[in-house]
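> Sharing a model that was predicted from the sequence below.
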Amino acid sequence: MRVLGEMAGAYHWPMNRCEFKEGLLRVMERKVHWSWPAFTGGQVAKELLHIHLEQEYGTYVRDYPILVARAYVQCPVPAARRVLAETIYERETGGLSGSESHAALFLEYPRGLGMNLERFRHIRLLPAAARFRALLDEACCGHGWEVAAAVTMIFLEGSEYERGVLEPKVERQPQFAPSEHPLVKYYGLPVQNLALSRIHRQEVGRHRKAAWHLMLNCASEAARPQVLQWMGQVLHAWYSYRDEVAEHCGLVRAVQARH
């Protein structure tokens, strides 16, 4: 794709901290998909919504602690290992927030919507979703802890509003009131099933800042170009994955979007 082509070859060594930060932010500011207004605006048929939730759960939600753990076992930096360990502990157990594992809390969405949870125990990934997951697995194994941490803690958990995490005057990610959450407003999800969303709202500032501290202050200078190259690859695969999910949820792109 054109913008990814522009990004390719732009990464060099040595790369200073500001260049690295801007490279990461440029990737994240492109983490925008044409279908998202339909999902947040209640335009997906309720009987097809399970496809979106199943594929998200199967590609990374269920195994997110495992992906982060792959960064942890490759990491020689004590300060970085601490952040990674805290992330694994919270996502796997809910121990820091006094809740449950985040995967279990995610399943409260389909449970509250009356979906068949058996489908979430035996998910068959769609082709582009399977390729996306395979790329995540590859990125997190054997390419250094910095790549694994960036792909998980920056890309998967971040949004196009990451600049607002680092720059106070920049717009931050909008937060829905519980009654305005799309699953509640358009699909009838009981508010009590929003525990995961509540935890994310509570921890978003601290956790996002910790993720960026990890990359900007702990990652080695030598790893920076490789981190950005992998972030670009993951973004490209994410576009294809979200295109596929949108198609299976009955959405049609009115105007050809440029990624």
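Alright, I've got the coordinates.

> Any regions of the chain where pLDDT drops low?
By pLDDT under 70, the low-scoring segments of the chain are 1-13, 204-205, 255-259.

> Find the residue at the geometric middle of it.
For the chain, the residue nearest the mean C-alpha position is L156 (2.0 Å; Cα atoms, centre = their mean).

> which one is it nearest to, not counting chain neighbours?
Nearest residue to L156, sequence neighbours excluded (Cβ to Cβ, 6 or more residues apart in numbering): Y60, at 5.5 Å. For glycine as for every other residue, the C-beta is placed from the backbone atoms N, C-alpha and C.

> distance of the residue nearest to the centre of the chain from K209?
Using Cβ to Cβ, to the nearest Å, L156 is found at 17 Å from K209.

> in stretch 86-103, what's buried?
By 16 or more other Cβ atoms under 10 Å, the buried positions in stretch 86-103 come out as 87-88, 90-92, 94, 97, 99-103.

> want to try TSV for the residues you listed, with distance to K46 and secondary structure as columns?
TSV is the format used below for the buried residues of stretch 86-103 (distance: Cβ to Cβ, whole Å; DSSP: H, G, I helix; E, B strand; the rest coil):
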residue	distance to K46	secondary structure
T87	33	helix
I88	34	helix
E90	31	helix
R91	28	helix
E92	31	helix
G94	28	coil
S97	29	coil
S99	27	coil
E100	26	coil
S101	26	coil
H102	24	helix
A103	23	helix
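
> Name the nearest of those residues relative to G142.
Nearest to G142 among the buried residues of stretch 86-103 is I88, at 18.7 Å by Cβ to Cβ.

> got the phi/psi numbers for G142?
Dihedral pair for G142: phi 80, psi 10, per degrees, to the nearest 10.

> Look at it and say how many residues are nearby.
A count of nearby residues for G142, using other Cβ atoms under 10 Å, gives 10.

> which residues touch it?
Contact analysis of G142 by Cβ atoms under 8 Å, 6 or more residues apart in numbering lists Q74.

> can I get the CA coordinates of stretch 173-184 in CSV?
The C-alpha trace of stretch 173-184 is given here as CSV (Å, rounded to 0.1, in the frame of the first residue of the first chain):
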residue,chain,number,x,y,z
GLN,A,173,-8.9,8.9,23.0
PRO,A,174,-12.7,9.6,23.6
GLN,A,175,-14.2,7.6,26.5
PHE,A,176,-17.9,6.4,26.3
ALA,A,177,-20.1,6.8,29.4
PRO,A,178,-21.4,3.3,30.2
SER,A,179,-24.9,4.0,28.8
GLU,A,180,-23.3,5.4,25.6
HIS,A,181,-21.0,2.4,24.9
PRO,A,182,-22.0,1.0,21.5
LEU,A,183,-22.7,-2.5,22.8
VAL,A,184,-25.1,-1.0,25.4
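
> from here on, count from 11
With 11 as the first residue, the last one maps to stretch 183-194.

> which other residues reach that stretch?
By Cβ under 8 Å, 6+ apart, stretch 183-194 touches 49-52, 119, 122-123, 169, 171, 174, 195, 199-201, 204, 207-208, 211, 214.

> out of those, which are buried?
Buried members of the contacts of stretch 183-194, scored by 16+ other Cβ under 10 Å, are 49-50, 119, 122-123, 169, 171, 195, 199, 204, 207-208, 214.

> So which of the residues you listed are in helices?
Under the assignment DSSP state H, these contribute 49-50, 119, 122, 195, 207-208, 214 to helices.

> can you redo those as TSV with distance to S250?
Output for these, formatted as TSV (distance: Cβ to Cβ, whole Å):
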residue	distance to S250
F49	17
T50	21
Y119	24
G122	30
K195	29
S207	27
R208	32
V214	27
